[in-house]
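1. this one's structure only:
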């Protein structure tokens with residue numbers, strides 16, 4: 001019988017076909033909270049693929065590889081640390097800015113996974129100083145060097161579908177800009193046109209210009225006097241910002257030899273100058289002494305320089321792969337650290353993409369990208385030792401640290417922490433107990449067993465690290481003490497024994513004091529914040 005002869009078989013077939021439709025419908029799923037305690041998140045740009053990598057510290061886990069239009073030239077973190085701008089190089093006709101949601105929550109200081117929030121089309125975008133975005137009165141600002149504009153974002157709704165609100169300040173002309181801000185004015189240096197443009201910070205209106213500064217590239221300031229320093233091709237221009245000298249040229253400083261390309265803020269009013277080539281010296285300027293003059297400090301030819309976040313140490317990375325740690329006031333050499341193979345002599349960075357190594361710091365740690373090795377080195381500046389290498393692959397270049405323990409006012413809680421819950425005497429007592437009962441599995445300095453991270457099932461040589469690079473910082477003090485007393489979970493094939501019958505409660509606390517003494521300030525600060533929040537909930 002044909003189907004046209006009867007409708008009944010068709011209805012039956014349709015009815016049967018619909019039964020499985022109901023059976024395979026999606027069921028409900030349980031949602032979980034993605035946030036976690038991460039003291040620091042490191043971002044780096046890969047010059048080989050154009051991706052931006054996110055690495056959680058202290059664990060060293062790569063938590064994301066975010067695709068961006070190749071290739072990244074600049075990485076800049078927003079003041080609230082919620083967004084990271086990846087600005088594309090200038091070898092194409094589409095100058096994209098990739099806005100990355102870092103996953104950081106400023107209120108809770110917890111982290112989610114990072115993701116690309118938005119892509120913005122710019123015109124030769126710029127405006128990053130030492131890994132931080134340019135701002136106008138704490139608002140994110142981006143220079144559009146192709147059109148001669150400064151675009152100020154009046155809100156930070158990058159992770160929403162809403163349109164962005166932007167205020168545009170017209171600059172004197174398209175150029176390459178170098179910029180400083182005070183509480184009343186914006187000082188915009190023009191590289192090619194050779195002048196300093198002064199704008200009213202509130203409305204962008206031009207209030208003055210200072211000329212005769214060809215090749216302006218590099219800037220610094222003296223907080224004590226408010227004076228600003230701009231490196232011109234022939235000399236350094238000094239501009240006043242207070243009283244009768246406000247917005248006026250007050251001095252010119254001659255170079256000892258070659259011109260400068262960059263100025264770094266050192267310690268106690270000292271500025272350090274260098275060029276972007278292989279200049280075998282640094283220029284030291286003590287802004288507390290007048291008349292101003294530079295002193296040349298001989299150093300090995302260097303590929304990158306950086307002053308630590310606390311302004312105490314000057315870091316000089318040489319072409320031979322050596323890191324020189326120097327005093328940021330005097331320039332005297334403190335120690336050297338061999339961290340890498342020599343860099344290629346013909347390595348040169350243009351405006352198409354970043355290719356040079358970079359440095360960012362936190363406390364006594366420096367993180368140095370090594371593009372020619374596909375690694376990032378973590379260096380203990382106090383001990384003068386490489387702690388570990390992160391094998392990122394590719395060619396890691398720009399490095400930006402997001403520090404969860406820094407307060408919204410810019411004060412680093414970790415760096416400002418002057419005390420811990422334990423005393424130095426507790427650490428010394430805990431050291432002896434640790435050596436007897438713990439070092440055999442967890443390592444002499446809490447570095448963990450050799451099989452840590454490699455075994456799916458707990459084994460004797462896979463004891464976790466206790467020095468701040470494992471997961472111990474995620475556990476409250478009560479849980480750490482309970483593990484020492486009762487041992488590890490019974491689900492482990494080779495579990496940790498309990499020491500409750502061997503050690504008094506006070507001795508167990510000294511054990512925690514000892515291995516916490518290895519924790520970097522940022523890790524301890526994150527643990528302390530979480531600990532205080534736990535107690536506030538009760």
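-> Yep, it's here. None of these values were measured; they are calculated from a predicted model. Numbering: from 1, shown residues only.
2. just give the nearest non-adjacent residue to the most centrally placed residue in the chain, would you?
-> Centrality entry for the chain: nearest residue to the mean C-alpha point is residue 401, 1.3 Å, by C-alpha atoms, centre = their mean. Distances taken as C-beta to C-beta, 6 or more residues apart in numbering put residue 360 closest to residue 401, at 4.6 Å, once the chain neighbours are dropped. Bear in mind the C-beta positions are built from the backbone N, C-alpha and C, glycine included.
3. sec struct for the one you found, please.
-> Three-state assignment for residue 360 (DSSP: H, G, I helix; E, B strand; the rest coil): strand.
4. can I assume it is in contact with residue 377?
-> No: using C-beta atoms under 8 Å, residue 360 is not in contact with residue 377; the gap is 11.8 Å.
5. related to what we said a few turns ago, in the sheet, who's paired with the residue nearest to the centre of the chain?
-> residue 42 (DSSP bridges).
6. again, but for residue 57
-> Assessed by DSSP bridges, residue 57 has beta-bridge partners residue 40.
7. for the chain, what spans make up the helices?
-> With DSSP state H as the criterion, the chain has helices at 8-23, 413-416, 424-437, 439-442, 477-486, 505-516, 521-536.
8. report how many residues lie close to the closest residue in space to residue 118 that isn't next to it in sequence.
-> Using C-beta to C-beta, 6+ apart and skipping the chain neighbours, the partner closest in space to residue 118 is residue 99 (4.4 Å). Number of residues near residue 99 (other C-beta atoms under 10 Å) recorded here: 20.
9. what's the distance between residue 99 and residue 154?
-> 15 Å (C-beta to C-beta, to the nearest Å).
10. do residue 329 as well
-> Taken as C-beta to C-beta, the span from residue 329 to residue 154 is 40 Å.
11. neighbour count for these two, which is higher?
-> Ranked by neighbour count (other C-beta under 10 Å), residue 329 and residue 154 place residue 329 first, with 18 against 12.
12. the more buried one reaches residue 267, doesn't it?
-> Yes: using C-beta under 8 Å, residue 329 is in contact with residue 267, at 4.1 Å.
13. where exactly do the strands run in the stretch 301-450 of the chain?
-> Taking DSSP state E, counting those that start in this stretch as the test, the strands found in the stretch 301-450 of the chain are 302-307, 313-318, 322-327, 333-338, 359-362, 365-370, 375-380, 385-391, 396-403.
14. quick one: low-confidence ranges for the stretch 251-400 of the chain?
-> Across the stretch 251-400 of the chain, the ranges flagged by pLDDT under 70 are 276-279.
15. mind redoing it with 90?
-> Scanning the stretch 251-400 of the chain for pLDDT under 90 picks out 257-261, 274-281, 298-301, 345-352, 363-364, 383.
16. measure stretch 211-230 end to end?
-> 12 Å (C-alpha to C-alpha, to the nearest Å).
17. got a list of contacts for it?
-> Applying C-beta atoms under 8 Å, 6 or more residues apart in numbering, the contact partners of stretch 211-230 are 176, 178-180, 182, 187, 189-191, 194-196, 231-234, 236-242, 250, 253, 259-265, 269, 271, 273, 285, 287-288.
18. let's see 7 Å
-> By C-beta atoms under 7 Å, 6 or more residues apart in numbering, the surrounding residues in contact with stretch 211-230 are 178, 180, 187, 189-191, 194-196, 231-233, 236-242, 250, 260-263, 265, 269, 271, 287.
19. between residue 360 and residue 377, which has more neighbouring residues?
-> More crowded of residue 360 and residue 377, by other C-beta under 10 Å: residue 360, with 27 against 22.
20. run through the bridge partners of that one.
-> So, taking DSSP bridges as the rule, residue 360 has residue 367 as bridge partners.
21. surely it is in contact with residue 400?
-> Yes: assessed by C-beta atoms under 7 Å, residue 360 is found in contact with residue 400 at 6.2 Å.
22. which neighbours do these two share?
-> Jointly contacting residue 360 and residue 400 under the rule C-beta under 7 Å, 6+ apart are residue 131.
23. picking that back up, who's in contact with the residue nearest to the centre of the chain?
-> The contact partners of residue 401, by C-beta under 7 Å, 6+ apart, come to 40, 42, 360, 362, 367.
24. what separates it from residue 75, distance-wise?
-> For residue 401 relative to residue 75 (C-beta to C-beta), the value is 11 Å.
25. state the pLDDT value of residue 51.
-> Looking at residue 51, its pLDDT stands at 96.
26. what of the one 10 residues further on?
-> Taken from the predicted model, the pLDDT recorded for residue 61 is 91.
27. next, count neighbours for it.
-> Other residues near residue 61 come to 12 when the count uses other C-beta under 10 Å.
28. tell me how far it lies from residue 337.
-> 25 Å.
29. and if you look at residue 242?
-> 41 Å.
30. before we move on, what about residue 235?
-> On the measure of C-beta to C-beta, residue 235 and residue 337 end up 35 Å apart.
31. isn't residue 65 up against residue 55?
-> No: counting by C-beta under 7 Å, residue 55 is not a contact partner of residue 65; they are 10.3 Å apart.
32. which of the two has more neighbours?
-> Comparing residue 65 with residue 55 by other C-beta under 10 Å, the one with more neighbours is residue 55, at 22 against 14.
33. am I right that the more buried one is in contact with residue 62?
-> Yes: using C-beta under 7 Å, residue 55 is in contact with residue 62, at 5.4 Å.
34. and for the residue lying closest to residue 64 once chain neighbours are set aside, the neighbour number?
-> Closest residue to residue 64 apart from its sequence neighbours, by C-beta to C-beta, 6+ apart: residue 54 at 4.2 Å. Counted with other C-beta under 10 Å, the neighbours of residue 54 add up to 24.
35. contacting residues around residue 54?
-> Per C-beta under 7 Å, 6+ apart, neighbours of residue 54: 41, 43, 63-64, 114.
36. do the same with residue 338
-> By C-beta under 7 Å, 6+ apart, the residues touching residue 338 are 321-322.
37. in the sheet, who's paired with it?
-> Taking DSSP bridges, one obtains residue 322 as the residues bridged to residue 338.
38. roughly how far does it sit from residue 445?
-> 21 Å.
39. and if you look at residue 287?
-> The gap separating residue 287 from residue 445 is 42 Å, by C-beta to C-beta.
40. so these two - more neighbours on which side?
-> In this view residue 287 and residue 445 are compared by other C-beta under 10 Å, and residue 287 has more residues nearby, 20 against 13.
41. doesn't residue 271 make contact with the more buried one?
-> Yes: counting by C-beta under 7 Å, residue 287 touches residue 271, with 6.4 Å between them.
42. out of the strands of the stretch 301-450 of the chain, which is closest to residue 520?
-> With respect to residue 520, and counting by C-beta to C-beta, the nearest of those is strand 365-370 at 6.1 Å.
43. tell me the contacts of residue 131?
-> Taking C-beta under 7 Å, 6+ apart, we find residue 131 in contact with 75-77, 360, 400.
44. let's go with 6 Å and repeat that
-> 360, 400 (C-beta atoms under 6 Å, 6 or more residues apart in numbering).
45. ditto for residue 262
-> Neighbour list for residue 262: 218, 274 [criterion: C-beta under 6 Å, 6+ apart].
46. and for residue 515?
-> So residue 515 contacts 446, 466 (C-beta under 6 Å, 6+ apart).
47. ok, 8 Å please
-> Taking C-beta under 8 Å, 6+ apart, one finds 430, 434, 438, 442, 446, 466-467, 472 in contact with residue 515.
48. what about the residue lying closest to residue 41 once chain neighbours are set aside, how many neighbours?
-> With C-beta to C-beta, 6+ apart as the criterion, residue 41 has its nearest non-adjacent residue at 4.4 Å, and that residue is residue 402. For residue 402, the count of nearby residues is 26 (other C-beta under 10 Å).
49. what separates residue 402 from residue 200, distance-wise?
-> Counting by C-beta to C-beta - residue 402 and residue 200 are separated by 32 Å.
50. what's the answer for residue 371, then?
-> Taken as C-beta to C-beta, the span from residue 371 to residue 200 is 41 Å.
51. between the two, which is the more surrounded one?
-> residue 371 (26 against 13).
52. correct me, but that one touches residue 398?
-> No: between residue 371 and residue 398 there is no contact under C-beta under 8 Å: 10.1 Å.
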